[in-house]
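A.B. asks: Got a predicted structure here, sequence first:
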Amino acid sequence: MPSAAVSYLQKGGMRHQATDGPHFQPNGFFSDILPRESGFDNMTEPSGQIDHVLNESRSFPPPAEFTEKAVISSMEQYEEIYRRAVEDRDGFWGEEARQHLHWFEPFQEVCQWEAPNAKWFVGGKTNASYNCLDRHIEAGRGDKVAILWEGEPGETRSITYQELRTEVSKCAAALQDLGVGVGDVVSIYMPMTPELAITMLACARIGAVHSVIFAGFSAESIADRNQDAGAKLMVTADGLYRRGKVLALKETVDEALAKSPTVEKCLVLKRVGQDNVPMQEGRDVWWHDCVDSQSGDLPAVPLDSEASLFILYTSGSTGKPKGIRHTTAGYNLWAKRTFEWVFDHRDDDVYWCTADCGWITGHSYIVYGPLTAGATCLMYEGAPNFPAENRFWELVEKYKVTILYTAPTAIRAFIKWGDEHVDKHDLSSLRLLGSVGEGINPEAWMWYHRKIGQERCPIVDTWWQTETGGIMMSPLPGITATKPGSCTRPLPGIVPAIVNESGKSVDANQGGMLCIAQPWPGMLRGIWGDEERFVDQYWSKVPGMYLTGDNARQDEDDYYWIMGRIDDVINVSGHRLSTIEVESALVSHELVCEAAVVGRPDDLKGQAISAFVTVTGEASEELRKELKMHVRSQIGALAQPDDIRFTASLPKTRSGKIMRRLLRDIASGQEVVGDTSTLEDYSVLAKLRTDD
Ligand code: WTA
């Protein structure tokens, strides 16, 4: 058995001695992102209680009524599953896969593992769309509602598993008519309509590989992704609704397609009924012309366990976004089981994940996890504050949502908007709350617990990544005593290790790089078309282990606390962005000579984007606006810098490296502390300080 697993298991519930090493503030991680002076402190809590919350020793045991009916209902049960998944990996996962997925042909081997390459359920044939749809219909559950959908303007749809399979089959047949086959890449750029999920599942049904591009990205970003993936077909819509306005999508796609030579056809859904949608003869076809007329009985194609299911682009520390590649059987199983364990899924639940399918959370916890588990999922198209700030709570009341999974950035916005929007609604249907995307600060956690959960609902703070395919660490709601801000403990089969620069495990309460020491079914299988980058990025720093890119510490109760990134990735409203990506976009403007981008704390977004630029010619307010728009057009609105400072030069070391640490301090309005002895020119620093 691997040493990391031994140490995890042997620690059991024992407490570590306090160490003399560098201590992290109980809340150190959060003071990084959310300053204590942030307006949230006084918003919901009398200050005495806030002090209490900031002390992480506070813990919330699961309510007894919850535990009684929970899927995992005792610590012994968890420890047993955990132990078995690690000690008898192949036995455990083999049984899980046989029980929870449909097999057209059985697998011969459970796991082939030679770091960094994993193959799971080798030789087997399955199909993710079959697992999401046909399995339930065959079991007589075809009439259960799979998707409850509400559009931003208020229209509603309710789609059963039977109906969803028909829609998916029709779309799959249309894709085939358009020339898509096994292994072809389909780019999807769509609003949050059922057709987005239908298109994903249609790809899965015929073995095409989907690459969903969040519908807020620019034409440039779409073209980059199309090019990198070699996409053959695009699926889009005429537009989408956002805060009561119509945003055109097809025009953006046309601009991207002009630079996407591999894309042959474009399928267009009429969502908003725009007039004069540009349609290019021979390339563009309407959904209603080519999907609706199909018969709807296309069977799922048996696919190899390791056939690529999708690519999803995400930001890394360097260069362009990378296409994270997930495969069929392992990912599908991981999404289903983690959904069932963490969300304690029961047949009568109405589950709502508020993410967009453009991100991994939408892939795993709107589409593949819940649908494979046969859940009823609410899907909402629009903004949380349209027509008013109570929209989410209205939806919870209307659909009697029992499980709500959302992001800290949304929770912080709700706090800011005021309790009156929540108070109008009956939230008594809720039984479980989840959080994902970034660390949740204790103030937000407490508000979520009190105001939304009414002190009745456990909160699962789920830590994971695009690369991990599904949740890696999270409380299990029936058994884990939660601590505000901690993602608590690993799920079965997950062996985390926190190591220092030399790859050695660190003691309790000492921070270090978070790695995963053993393979798991949902792990990424590579970066699309770039094996070297895959090895370099995730497997070279700590040999044999998956490097997550996050810092973490483990406390005296063995709970994990994520402490931010070790690289130049920033987290803006739960979205991953590389500072270097934003810098490249800035530098691509003809007047910019040099740019340095850093994250700074922001009350709402977690981190905001601060840019320092040197320009040729006159720095002006106009240029500042232009540069913001330039980044928007290069990457998308989510990457637009919050502030841009013009400077004569950037602080550099003698070897020419930009000293980002100094810039981070300056951007966040802090005293510049720490070592500046390598700074090449001190006057730059003085100048930057006085520039404000
Ligand atoms: C961060 C989103 C703290 C982390 C599912 C990770 C979190 C990155 C949490 C992945 C959490 C996500 N607590 N940090 N509960 N969840 N993160 O790929 O830095 O969009 O590495 O996947 O978000 O972001 P990604």
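C.D. replies: The structure has been received and is ready for your questions. Numbering: from 1, shown residues only.

A.B. asks: How far does whichever strand or helix holds residue 94 sit from its chain's centre?
C.D. replies: Per DSSP states H and E: residue 94 is located in helix 89-100. Distance of helix 89-100 from the chain centroid (C-alpha atoms, centre = their mean, to the nearest Å) equals 26 Å.

A.B. asks: I'd like to know which elements the next helix or strand after that helix is packed against.
C.D. replies: Next in sequence after helix 89-100, counting helices and strands by DSSP H and E, comes strand 109-114. Applying 3 or more C-beta pairs under 8 Å, 6 or more residues apart in numbering; DSSP states H and E, one finds that strand 109-114 contacts helix 89-100, strand 117-122. C-beta coordinates here come from the backbone N, C-alpha and C atoms, glycine included.

A.B. asks: Of these, which is nearest the ligand?
C.D. replies: Taking C-beta to the nearest ligand atom, strand 117-122 is the member of the helices and strands packed on strand 109-114 nearest to the ligand, at 18.8 Å.

A.B. asks: Rounded mean pLDDT for the closest one, please.
C.D. replies: Averaged across strand 117-122, pLDDT comes to 98.

A.B. asks: pLDDT averaged over the helix holding residue 94 - what is it?
C.D. replies: Rounded mean pLDDT across helix 89-100 is 98.

A.B. asks: and it, what does it pack onto?
C.D. replies: Using 3+ C-beta pairs under 8 Å, 6+ apart, the elements in contact with helix 89-100 are helix 75-87, strand 109-114, strand 117-122, helix 328-342.

A.B. asks: The longest one versus strand 109-114: what angle between them?
C.D. replies: Looking back up the chat, that one is helix 328-342. Here the directions of helix 328-342 and strand 109-114 differ by 100 degrees (axes from the mean of the first three to the mean of the last three C-alpha atoms, to 10 degrees).

A.B. asks: Starting from helix 328-342, tell me the next helix or strand along the chain.
C.D. replies: Moving toward the C-terminus from helix 328-342, the next helix or strand (DSSP H and E) is strand 350-353.

A.B. asks: quick revisit: return the most buried member of the helices and strands packed on strand 109-114.
C.D. replies: For the helices and strands packed on strand 109-114, the largest average neighbour count (mean count of other C-beta atoms under 10 Å) is found in strand 117-122, namely a mean of 22.

A.B. asks: Which strands border it, and is each parallel or antiparallel?
C.D. replies: Each strand that pairs with strand 117-122, with its direction, by DSSP bridges: strand 109-114 (antiparallel).

A.B. asks: quick revisit: nearest to the ligand, of the helices and strands packed on helix 89-100?
C.D. replies: Nearest to the ligand among these is helix 328-342; the distance by C-beta to the nearest ligand atom comes to 11.4 Å.

A.B. asks: which strands and helices sit next to the closest one?
C.D. replies: For helix 328-342, the packing partners by 3+ C-beta pairs under 8 Å, 6+ apart are helix 89-100, strand 117-122, strand 125-126, helix 128-129, strand 308-314, helix 369-372.

A.B. asks: Please convert these to TSV, extending it with distance to residue 660.
C.D. replies: Converted to TSV, the helices and strands packed on helix 328-342 look like this (distance: least, C-beta to C-beta, whole Å):
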stretch	distance to residue 660
helix 89-100	40
strand 117-122	34
strand 125-126	46
helix 128-129	41
strand 308-314	21
helix 369-372	37
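
A.B. asks: Make a markdown table from these and add distance to the ligand to it.
C.D. replies: Formatted as a markdown table, the helices and strands packed on helix 328-342 follow (distance: least, C-beta to the nearest ligand atom, whole Å):
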| stretch | distance to the ligand |
| --- | --- |
| helix 89-100 | 22 |
| strand 117-122 | 19 |
| strand 125-126 | 24 |
| helix 128-129 | 19 |
| strand 308-314 | 5 |
| helix 369-372 | 12 |
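
A.B. asks: Of the ones you listed, which is nearest residue 634?
C.D. replies: For these, the distance to residue 634 is smallest for strand 308-314, at 14.8 Å, taking C-beta to C-beta.

A.B. asks: how much does the closest one deviate in direction from helix 328-342?
C.D. replies: Inter-element angle recorded for strand 308-314 and helix 328-342: 70 degrees (by the same axes, to 10 degrees).

A.B. asks: tell me the most buried of the helices and strands packed on helix 89-100?
C.D. replies: Counting by mean count of other C-beta under 10 Å, helix 328-342 has the highest mean neighbour count of these, with a mean of 27.

A.B. asks: Can you confirm whether that helix lies near the ligand?
C.D. replies: No - judged by C-beta under 6 Å from any ligand atom, helix 328-342 and the ligand are separated, with a smallest distance of 11.4 Å.

A.B. asks: For that helix, what is the distance to the chain centroid?
C.D. replies: Centroid separation for helix 328-342 versus its chain: 15 Å, with C-alpha atoms, centre = their mean.

A.B. asks: Report the mean per-residue pLDDT for that helix.
C.D. replies: Mean per-residue pLDDT for helix 328-342: 98.

A.B. asks: what about residue 325, distance to the ligand?
C.D. replies: Relative to the ligand, residue 325 is positioned 14 Å away (C-beta to the nearest ligand atom, to the nearest Å).

A.B. asks: dump the residue contacts of that residue.
C.D. replies: Neighbour list for residue 325: 308, 310-311, 524-528 [criterion: C-beta atoms under 8 Å, 6 or more residues apart in numbering].
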